[in-house]
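Participant: Sequence first, then the predicted structure, then my questions.
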Amino acid sequence: MPRQPHRRPIEHRRRLILAAAPLAVAALVLAGCATQTVASTNTATTDATTTETAAVVDSDLSAAAVLAANADVTVVKDDEWGETDAADITLSGSSASSDSGAVSVDGSTVTITEAGVFRLSGSLDGQVVVAAPGDAQVVLILDDVEIAASDSPAITVTSADDVAISLAAGSENSVSDASSYADDADANAAIYADTDLTISGTGALSISGNGNDGVTSTDDLVILSGEITVDAADDALRGKDSLTVEGGTLELTAGGDAFKSDQADDAAQGFVAITGGTVTATSGDDAIAAATDAVVTGGTLSLTAGTDASTSDDSPKGVTAGVVVAIDGGDVTIEAADDAVHSDGSVGIGGGTVTVSAGDDGIHAEQRLEIRDGDVTVAESNEGLEATDVAISGGTVDITSSDDGVNGAGGTASDTQGGGMGGGMSGGGEQDTGETITISGGNVRVAAVGDGLDSNGTISITGGTTVVSGPSSAGGQGALDANGAITIDGGEVFVAGSVLVTPTGSQQWVAATASGSAGDTVEVTDASGTVIASFDADQSFGAVFYSGPGVADGGSFTITVNGVTAATVSEGVDVSGGGMGGGMGGGGRRP
């Protein structure tokens, strides 16, 4: 009997609940449930109406919790088999030979029909097929192999329990497939497995997916190690049930998605997990596309979506997930034509280094976006961070945006008033629709052309250090702008911008009309001459605001720009008459 493959234990599984009522928006409950659609027929007409459900996730967005909520992954570890008794298969042009009774050769097709370990060497103008019993474990050792198929995949697994491809030490291997496939073809990748598939070893493998995908598994696809290069017309690596990368060096070029898991029928599957390795991926569509969850806990990732590739998607994203994106480690660099990180549910970042440049949002979540730790840099974006609820409790966050730096916005009626998802300003008198921006820790820097912090609901700051530069002109934009209350109860808040809103809360503040340019140093000095705050502006400005523990109730303070006195003001005094600029917004007076 073959040794049982390793399966990652799980703590609990997620379940999928769809509302039965016609036209209702159904909720998917627990972390990792895939966004689905339900169809309903109106009794007054014959037309079917399709509505998309909303993904609802657990409050714990850590990578460990998200992975624990997913199904177990089947992987064949290297210590589960031995190569001592491997059967040799010698490939030679349009034929092959082997002494194993488990191997048959029919012209240029080599078929393996039993469990076992098989070492392949040589070149073949044809294909290798695994058609073993349903309980069989089959291991293919590629040892300087070249397989070129003209009308099929190079390697096809039609039946087995689990299959592993091991790249022999020091070997150089390559596989390529047909230039095209019929639309109804099931096997349509250079390596296609209708089973779980594991790739490991220390050798090299070059994969040319000429007709469609590079590697496809209809179950779990796991990369443990190896130097793997994929050039695919569509997706580079696709594990329908799940796709896991634990190590190796991967260089992927894809006309479609670089990494893809698209099982939407099981809420505990359809996830992509990268825990190690070195990855360079260039894709026409999304770099990482997961029906449910996309998880990164380690490795070095350089992802380019929609740039320097054949773009086949109108909005290529760096990392996209139907439910949760969880990043708790690794070094992740993303350049994307659309959102760099996107979730139809929530995004949690609890560690690692994340650096993104985006044509649209840097990091976008339809529900909650939380940053607990790590170094997060949004180097270029339309809006830096955007979600219904944005919560920053730790780490270092650096945002540069052409519109809002941090946007608390949801798909509500207020979107039509200019303050919704992707909107810029929230003009006077708009309704508080419940969105939140909460900063309780960490170091946050925002340089925004639009609003620095903009919420359709409330803004609450209780800790950490927040520095906002911009907007450099009023135009209805505000450094801190909310339809509801702006509350400061702790931390330090520095602003060099043009429009401010008077905050509520227990912590004192000072504000002044003061002009300067990008790179200027702003200082706040108390009556005794002690500098209590100092920061450098990232944009030109016409107003300064500071709130921190050094501001005494009722005290007098001097604002200087590059050492030159700009204003002397009292704590908590509205200076709107002094030319702070801009119109009224929600949440209070503009000082």
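Facilitator: Received, thanks.
Participant: Roughly how far does T355 sit from G299?
Facilitator: 14 Å (Cβ to Cβ, to the nearest Å). C-beta here means a position set from N, CA and C on the backbone, and glycine is covered the same way.
Participant: Comparing the two, which residue is more hemmed in?
Facilitator: Ranked by neighbour count (other Cβ atoms under 10 Å), T355 and G299 place G299 first, with 21 against 18.
Participant: tell me the pLDDT at G497?
Facilitator: pLDDT, G497: 89.
Participant: got a list of what it touches?
Facilitator: 452, 468-472, 478-479, 539, 541-543, 545 (Cβ atoms under 8 Å, 6 or more residues apart in numbering).
Participant: 7 Å instead?
Facilitator: Contact analysis of G497 by Cβ atoms under 7 Å, 6 or more residues apart in numbering lists 452, 468-471, 479, 541, 543.
Participant: what does T436 give?
Facilitator: 389, 408, 455, 457-458, 460.
Participant: what secondary structure does P133 sit in?
Facilitator: Assigned by DSSP: H, G, I helix; E, B strand; the rest coil, the conformation of P133 is coil.
Participant: Relative to V444, how far out is the residue nearest to V468 when sequence neighbours are not counted?
Facilitator: Take V468 and drop its neighbours on the chain: the residue closest to it by Cβ to Cβ, 6 or more residues apart in numbering is G452, 3.6 Å away. With distances taken as Cβ to Cβ, G452 is found 10 Å from V444.
Participant: Neighbour count: the two, which is higher?
Facilitator: A side-by-side neighbour count of G452 and V444, using other Cβ under 10 Å, places G452 first with 31 against 27.
Participant: Need the phi and psi values for that one.
Facilitator: Note on G452: backbone dihedrals following degrees, to the nearest 10 are phi -70, psi -60.
Participant: did I read that right, G350 in a strand?
Facilitator: Yes. Counting by three-state DSSP, G350 is located in a strand.
Participant: Can you check the pLDDT for it?
Facilitator: G350 is given a pLDDT of 98.
Participant: Does it touch G329 like I think?
Facilitator: No. Judged on Cβ atoms under 7 Å, G350 makes no contact with G329 at a distance of 8.3 Å.
Participant: got the contact list for the closest residue to E492 other than its chain neighbours?
Facilitator: The shortest distance from E492 to any non-neighbouring residue, by Cβ to Cβ, 6+ apart, is to G548 (4.0 Å). With contacts defined as Cβ under 7 Å, 6+ apart, G548 is in contact with 492, 532-533.
Participant: how far away is G548 from S469?
Facilitator: 17 Å.
Participant: try V569
Facilitator: Counting by Cβ to Cβ, the gap from V569 to S469 is 20 Å.
Participant: between these two, who's got more neighbours?
Facilitator: Comparing V569 with S469 by other Cβ under 10 Å, the one with more neighbours is S469, at 26 against 22.
Participant: just checking, the more buried one touches A447?
Facilitator: Yes. Under the criterion of Cβ under 7 Å, S469 makes contact with A447 at 4.6 Å.
Participant: Which residues are in contact with each of these two?
Facilitator: Residues within reach of S469 and of A447 at once, by Cβ under 7 Å, 6+ apart, are 538-539.
Participant: for the stretch 51-200 of the chain, what are the low-confidence residue spans?
Facilitator: By pLDDT under 70, the weakly predicted segments of the stretch 51-200 of the chain are 51-58.
Participant: at 80 instead, please
Facilitator: Scanning the stretch 51-200 of the chain for pLDDT under 80 picks out 51-59.
Participant: any chance you could map the helices in the chain?
Facilitator: Here the chain has its helices, by DSSP state H, at 63-68.
Participant: and A233, what does it touch?
Facilitator: A233 makes contacts with 209-212, 255, as judged by Cβ under 7 Å, 6+ apart.
Participant: oh sorry, the question was meant for G276
Facilitator: Contacts of G276 (Cβ under 7 Å, 6+ apart): 246-247, 298-299.
Participant: Go again with 10 Å.
Facilitator: Residues counted as contacts of G276 (Cβ atoms under 10 Å, 6 or more residues apart in numbering) are 223-225, 245-248, 296-300, 329-330.
Participant: coming back round to it: can you list which of the contacts of G548 are found in strands?
Facilitator: Among the contacts of G548, DSSP state E puts 492, 532-533 in strands.
Participant: ok, so of those residues, who is nearest D553?
Facilitator: For those, the closest approach to D553 (Cβ to Cβ) belongs to I532, at 13.7 Å.
Participant: Report pLDDT for the closest one.
Facilitator: pLDDT for I532: 96.
Participant: Around T396, count how many other residues there are.
Facilitator: Residues near T396, counting by other Cβ under 10 Å: 16.
Participant: so how far is D161 from it?
Facilitator: From T396 to D161 the distance is 47 Å (Cβ to Cβ).
Participant: on that earlier part again, among the contacts of G497, which one lies nearest to V524?
Facilitator: Nearest member of the contacts of G497 to V524, counting by Cβ to Cβ, is A543, at 13.3 Å.
Participant: give me the beta-bridge partners of that closest one?
Facilitator: Listed by DSSP bridges, the beta-bridge partners for A543 are G497, T513.
Participant: Okay, now the unreliable bits of the stretch 251-400 of the chain?
Facilitator: Ranges of the stretch 251-400 of the chain meeting pLDDT under 80: 307-314.
Participant: again, 70 this time
Facilitator: 307-313.
Participant: For the closest residue to S381 other than its chain neighbours, the count of nearby residues, please.
Facilitator: Nearest residue to S381 in three dimensions, chain neighbours excluded: G362, at 3.9 Å (Cβ to Cβ, 6+ apart). When neighbours are defined as other Cβ under 10 Å, G362 has 31 of them.
Participant: could you measure G362 against N456, distance?
Facilitator: For G362 relative to N456 (Cβ to Cβ), the value is 19 Å.
Participant: And R445, by the same measure?
Facilitator: 23 Å.
Participant: These two: which has the busier surroundings?
Facilitator: More crowded of R445 and N456, by other Cβ under 10 Å: N456, with 31 against 19.
Participant: Check whether that one really touches Q431, as I assumed.
Facilitator: Yes. At 8.3 Å, N456 and Q431 qualify as touching, with contact defined as Cβ atoms under 10 Å.
Participant: Roughly how far does the residue nearest to E492 sit from R445?
Facilitator: Applying Cβ to Cβ, the value for G548 to R445 is 16 Å.
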